[in-house]
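J.: Any chance you can model this:
(one chain, ligands or ions: 2)
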Amino acid sequence: MTNLAQLIQDLPKAELHLHIEGSLEPELMFELAKRNELDFPYSSVEEIRNAYQFTQLQDFLDIYYAGMSVLIKEQDFYDLTMAYLKKCDEQNIVHVEIFFDPQGHTERGVSYKTVITGINRALKDGLADFGISYKTILCFLRHLSEEDAIKTLNEAKEFIELIDGVGLDSSEVGNPPSKFKNVFAMAKEAGLKLVAHAGEEGPPEYVEEALSILKIDRLDHGNRSMESESLIEKLKESQMALTVCPLSNLKLCVVNDMKDHPIKSMLDAGLLITVNSDDPSYFGGYLNENYLAIQESLNLSKEMIVTLVKNGFIGSFLSDDEKNRHLDAIDLLV
Ligand code: ADE
Ligand code: ZN
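T.: Ligands and ions are numbered 1, 2, ... in the order given. From the prediction side, this is the model:
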């Protein structure tokens, strides 16, 4: 292992952009399909993996929603989340802020309660067993209506203490942030943090809307912000955290080559950039593999890696005291 690869492994890290359903490995998917006695279109783990060929976001989403249909019982959501937390423990990830997509389950007849209690029970065990702290972010599926999102938020209110924020994901183009203006205002009123995917495939105007209409606290992806000087200035001025996902961007053809990834230019522009894995089982790597991929392709320095790792905590929804404790621990290591 090179020195920088060892550093990436050794530094305590935070992950802020992780869809828990996107951490469902083919092996567990296959096992759950069997356990739940489902008619499953794939006959082997290899066949599932071979289907992971994407040229755009929608190709992935079609397979992602089909894949999550094996999740039925509370224990399934527990097993899914625990498998991710074990991976975090191996990779020295000490804080996670995970997304979940309740509408991907409730529309199949799985209750919101089943989903959130299974995820939450694993997160509590992960804190006790591995010391991994956590926040939970409920994402609204933007290809569905705002009315459906409001219904989901109302379902979540019974278990409001189990979530920390709301987000917006799924098919971006044609579903601008402004479509969800009211439900984001309701979530803010309920004391929740606000994040949204914007500028992954969608234009810079969608990022503008997420900032000015949804009033987000953090921006997911945001790559296409780099097309607008005024937007770059706004993001820099506000030190808005961006959750960038390099391997996802490569697999979904947001970039054609990792050498063309904008993360270095984003850092150079003074933006608060964090590194994340998005949907690691579909995109070929967890958090450390994302750091390694950009380090190798863009020849990032040790200082840049340390900045990115620190930004993971600075951009998190932890308290200032908790952030400082993590930042001090990093300083002691480098
Ligand atoms: N849902 C899961 N991963 C996503 C992504 N990268 N973009 C939009 N929606 C998603
Ligand atoms: Zn995402």
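J.: Number of residues surrounding residue 260?
T.: A count of nearby residues for residue 260, using other C-beta atoms under 10 Å, gives 12. For every residue, glycine as well, the C-beta is placed using N, CA and C.
J.: I meant residue 207, not that one.
T.: Residue 207, neighbours per other C-beta under 10 Å, totals 29.
J.: Now do the same contact list for it.
T.: 198, 199, 219, 222, 224, 225, 228, 231 (C-beta atoms under 8 Å, 6 or more residues apart in numbering).
J.: The closest residue to ligand 1 within the stretch 101-250 of the chain and residue 276: what is the separation?
T.: Closest contact between the stretch 101-250 of the chain and ligand 1, by C-beta to the nearest ligand atom, is at residue 169 (3.5 Å). As defined by C-beta to C-beta, to the nearest Å, residue 169 lies at a distance of 13 Å from residue 276.
J.: quick one: which two of the contacts of residue 207 are the most distant?
T.: Among those, the pair separated by the greatest distance (C-beta to C-beta) is 219 and 228, at 13.2 Å.
J.: These two - which one has more neighbours?
T.: Each of residue 219 and residue 228 has its neighbours counted (other C-beta under 10 Å); residue 219 has more, 26 against 17.
J.: quick one: the helices in the stretch 101-250 of the chain?
T.: In the stretch 101-250 of the chain, the segments counted as helices under DSSP state H, counting those that start in this stretch are 103-106, 112-130, 146-156, 181-189, 204-212, 229-238, 246-251.
J.: Single out the most deeply packed of those helices.
T.: helix 246-251 (a mean of 24; mean count of other C-beta atoms under 10 Å).
J.: Export it to CSV, keeping only CA atoms.
T.: Output in CSV follows, covering the C-alpha atoms of helix 246-251 (Å, rounded to 0.1, in the frame of the first residue of the first chain):
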residue,chain,number,x,y,z
PRO,A,246,-16.6,10.3,-7.7
LEU,A,247,-17.2,6.6,-8.5
SER,A,248,-20.9,7.3,-8.9
ASN,A,249,-20.1,10.1,-11.4
LEU,A,250,-17.9,7.7,-13.4
LYS,A,251,-20.4,4.8,-13.5
